Each structure stands twice: as structure tokens, then as C-alpha cells.
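Engineer: Give me a model of this one.
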Amino acid sequence: MNTLALNTAAALMASTAAVAQVETRTVTFENEGATLSGTLYLPEERGSEPLPTVVVTGAWTSVQEQMPANYAREMAERGFAAFTFDFRGWGKSDDLPNNMRFVESPEAKTSDIKAAIAFVATLPEVDADHINGLGICASAGYMVDAVSGNPLVQRLGLVAPWLQNEEIVEAVYGGADGVAGLIEVSHAAEAAGGQIIPAAGPEGAEGVLMPIGGYYYEADRGAIPEYDDKWNNAGWEGWLTYHPADNPQRLDKPLAIVHSESAAIPQGIQTFLAGFAGDATAQWLEDVTQFDFYDNPEDVTRAADTVADHFRAGSSN
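Structural biologist: Okay, the predicted model is just below:
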């Protein structure tokens with residue numbers, strides 16, 4: 001792996017995004033018989049030529065209007081077309097098979113990203129030779145899977161990526177016994193046709209996925225009307241047995257990562273980069289939390305600058 005490390009000062013100096021007007025267009029596309037809802041972001045002032053494009057995906061349980069929209073708008077302000085969408089079973093998109101919703105399925109979400117990439121390549125505003133992927137938090141692993149070996153995609157950016165392996169999963173979810181218990185919950189929920197609980201709650205709340213307050217619970221942040229705020233316990237097994245940190249060899253695209261030691265599971269990024277054989281740019285910001293990367297303007301700007309520079313380097317080829 002050839003890694004270029006960017007420090008915080010360099011990132012601040014490189015923050016050159018100009019404020020620009022952005023227009024949006026709501027679209028739909030198909031995957032595996034389901035209709036998915038998406039949004040195309042475009043710089044209002046643009047020529048007639050198609051634009052380099054970024055497909056943006058967000059954290060687990062999220063919908064397109066949350067952190068994906070923030071980064072899509074940032075990309076459009078920097079001259080890219082950008083595309084966000086709701087995965088099957090979430091937001092305004094159709095159900096997963098068997099009428100299931102709110103299942104965090106790495107397999108299904110990876111399939112949806114591939115379908116989104118193929119769809120945007122057909123749009124007249126999109127330069128099909130310059131499509132990039134940007135994965136945030138949990139969708140980082142899905143995005144790696146979707147772009148690896150994909151001839152439609154040129155480059156990859158990851159912001160606050162949640163890249164886990166078995167060791168990290170056990171550390172986060174109560175050890176081997178905790179993981180085994182959640183997989184039993186998953187089996188019971190699947191046998192019952194699904195078991196849905198609230199996704200977000202205040203700190204210490206019982207019976208919710210994330211009893212931590214913060215981004216998903218605060219109305220002026222991620223608790224927007226469009227947010228489903230639901231979690232299906234049937235998704236636990238697929239999530240807990242998904243280990244993208246251990247499989248970097250499959251990635252065949254130049255990579256830029258923005259993360260912080262103060263954000264979630266930085267050890268997953270170190271593991272991934274140690275096994276990645278390609279070119280990577282790694283920017284580590286100081287004292288930035290996982291949720292800061294979702295909507296804190298200064299941190300979103302710095303992350304967007306880094307990945308935009310990375311994507312522009314591909315557009316000049």
C-alpha cells in the first residue's frame with residue numbers, strides 16, 4: 001500500500017469549496033424487482049457537458065435526507081453531480097423480499113449500490129467515465145464491495161468508515177457471548193417475520209438500538225421527519241457476521257479515507273489499510289466524533305474537500 005497522510009493543518013489550508021447553488025431532481029430506479037427512490041444533486045451553474053459524479057451512501061438505519069444529503073450537496077457545490085438514495089426496506093423505497101423492512105442487510109445494500117451506480121451511468125448529466133463512490137460509516141464496507149471490480153467506478157472515498165471484523169464486533173457487542181445472544185435474537189425475529197424496535201433513544205433508554213442520544217435522537221440533527229427510526233432485529237446476524245476490515249485485497253480503486261481517533265473503531269481502518277495493496281490517502285482529523293462527521297459543518301467541509309480532491313485527480317486522467 002502507498003499511503004499519503006494528510007494532517008489537520010494541511011486539510012484546513014486545502015478547504016477551498018466555494019458556496020454554490022445546488023438543484024435537485026427526484027428519480028426512481030429498479031433493483032431486483034423493487035423500486036428505489038433517489039435524488040440527483042447538480043450544481044445550478046453548469047455547462048452542457050456531463051459531470052463527474054459521486055454516489056453517496058450513509059450510516060446504518062439512515063435515509064438519504066440525513067448525512068448522505070449533506071455530502072451530496074457538498075459534492076455538487078464542488079462541481080460534481082451527486083446521487084443519494086434510500087436502500088430497499090428504508091425511507092421511500094420498496095420493501096426487501098418477503099415484505100421485510102428496516103433490516104440492516106450488507107448483501108442487499110451492496111446490491112442496491114451496484115444498481116444505483118448502473119442507473120446513474122445512464123443519466124445525461126453524468127459522465128459515465130468518471131463515476132466515484134463515497135461511503136459514510138456503515139455503508140463504507142458496502143461501498144467497498146460494490147465498487148471492487150466494478151468497471152463503472154473510478155475512485156472511492158470513505159468518511160468515518162465503520163470497517164469491522166470479528167475481533168471488533170466482539171469488542172463492541174459484549175464479547176463472544178453477547179454476539180451469540182444477538183444472533184439468537186436475530187433468528188427468533190426472522191422466524192417471527194420480523195421484530196421492529198426504535199432505532200434511537202435518549203442515553204440509557206431500554207429497548208432501543210442506540211440508547212445514546214445525539215445525532216439520531218436530536219430533532220435539529222438526524223431525527224428529521226424522513227428518518228424511519230426503526231431497526232428490525234432480524235438483521236443482527238447479517239450485520240454481526242459482516243467483516244469488511246479483513247477483506248481489503250478485493251479493492252482495486254484508488255482510495256481516500258477521512259477519519260479520527262475520536263470517532264468509531266479507528267482500529268478497523270488501520271487493519272484495512274494494512275492489507276490494502278493500492279494507493280491510499282488517509283486524513284486523520286483531531287477530536288472529531290463519529291456524529292461530527294455527519295453534520296458538523298467544519299468537519300463535513302474538511303472531509304468533503306479531501307474526497308473531492310481525490311475524485312478530481314481521477315477526472316484529470
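Engineer: where along the chain do the strands fall?
Structural biologist: Secondary structure of the chain (DSSP state E): strands at 2-6, 22-31, 34-43, 51-57, 81-85, 126-136, 153-159, 196-198, 200-201, 210-211, 230-232, 255-260, 279-285.
Engineer: Out of those strands, the one nearest Ala223 is which?
Structural biologist: Minimum separation from Ala223 across the strands of the chain (C-beta to C-beta) falls at strand 200-201, 6.7 Å. Yep, even glycine has a C-beta here, placed from its N, CA and C like the rest.
Engineer: Show me what that closest one is in contact with.
Structural biologist: Residues from elsewhere that reach strand 200-201, judged by C-beta atoms under 8 Å, 6 or more residues apart in numbering: Thr61, Gly207, Val208, Leu209, Met210, Pro211, Gly213, Tyr216, Tyr217, Gly222, Ala223, Asp229.
Engineer: so the fifth one sits right up against Tyr227, yeah?
Structural biologist: No - taking contacts as C-beta atoms under 8 Å, Met210 lies outside contact range of Tyr227: 12.0 Å.
Engineer: list the residues that contact both of these two?
Structural biologist: With C-beta under 8 Å, 6+ apart as the test, Met210 and Tyr227 both reach Tyr216.
Engineer: Excluding chain neighbours, give the residue nearest to Leu123 in space.
Structural biologist: Nearest residue to Leu123, sequence neighbours excluded (C-beta to C-beta, 6 or more residues apart in numbering): Leu40, at 6.8 Å.
Engineer: biggest helix in this protein by residues?
Structural biologist: When the chain is parsed with DSSP state H, its longest helix is helix 297-315.
Engineer: That one packs against which elements?
Structural biologist: With contacts defined as 3 or more C-beta pairs under 8 Å, 6 or more residues apart in numbering; DSSP states H and E, helix 297-315 has these neighbours: helix 8-13, strand 51-57, helix 67-77, strand 126-136, strand 153-159, strand 255-260, strand 279-285, helix 290-295.
Engineer: what angle do it and strand 126-136 make?
Structural biologist: Following axes from the mean of the first three to the mean of the last three C-alpha atoms, to 10 degrees, one obtains 140 degrees for the angle between helix 297-315 and strand 126-136.
Engineer: chain center to helix 297-315: distance?
Structural biologist: Centroid separation for helix 297-315 versus its chain: 15 Å, with C-alpha atoms, centre = their mean, to the nearest Å.
Engineer: Can you show me the CA trace of that helix as CSV?
Structural biologist: Taking C-alpha atoms only, helix 297-315 is exported to CSV below (Å, rounded to 0.1, in the frame of the first residue of the first chain):
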residue,chain,number,x,y,z
PRO,A,297,-20.2,22.0,9.2
GLU,A,298,-16.5,22.4,9.7
ASP,A,299,-15.8,18.7,9.8
VAL,A,300,-18.1,17.9,6.9
THR,A,301,-16.3,20.6,4.8
ARG,A,302,-12.9,19.2,5.6
ALA,A,303,-13.9,15.7,4.8
ALA,A,304,-15.6,16.8,1.6
ASP,A,305,-12.6,18.8,0.5
THR,A,306,-10.3,15.7,0.8
VAL,A,307,-12.6,13.3,-1.1
ALA,A,308,-13.4,15.9,-3.7
ASP,A,309,-9.6,16.5,-4.4
HIS,A,310,-9.3,12.7,-4.6
PHE,A,311,-12.1,12.4,-7.2
ARG,A,312,-10.8,15.4,-9.2
ALA,A,313,-7.4,13.6,-9.6
GLY,A,314,-9.3,10.9,-11.4
SER,A,315,-11.2,13.3,-13.6
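Engineer: Report the mean per-residue pLDDT for that helix.
Structural biologist: Mean pLDDT, computed over helix 297-315, is 96.
Engineer: Likewise for stretch 221-229?
Structural biologist: The average pLDDT within stretch 221-229 is 98.
Engineer: before we move on, what about stretch 208-217?
Structural biologist: Averaging pLDDT along stretch 208-217 gives 97.
Engineer: For that stretch, measure first residue to last.
Structural biologist: 11 Å (C-alpha to C-alpha, to the nearest Å).
Engineer: Equivalent analysis for stretch 36-55, please.
Structural biologist: Span of stretch 36-55 from end to end, C-alpha to C-alpha: 14 Å.
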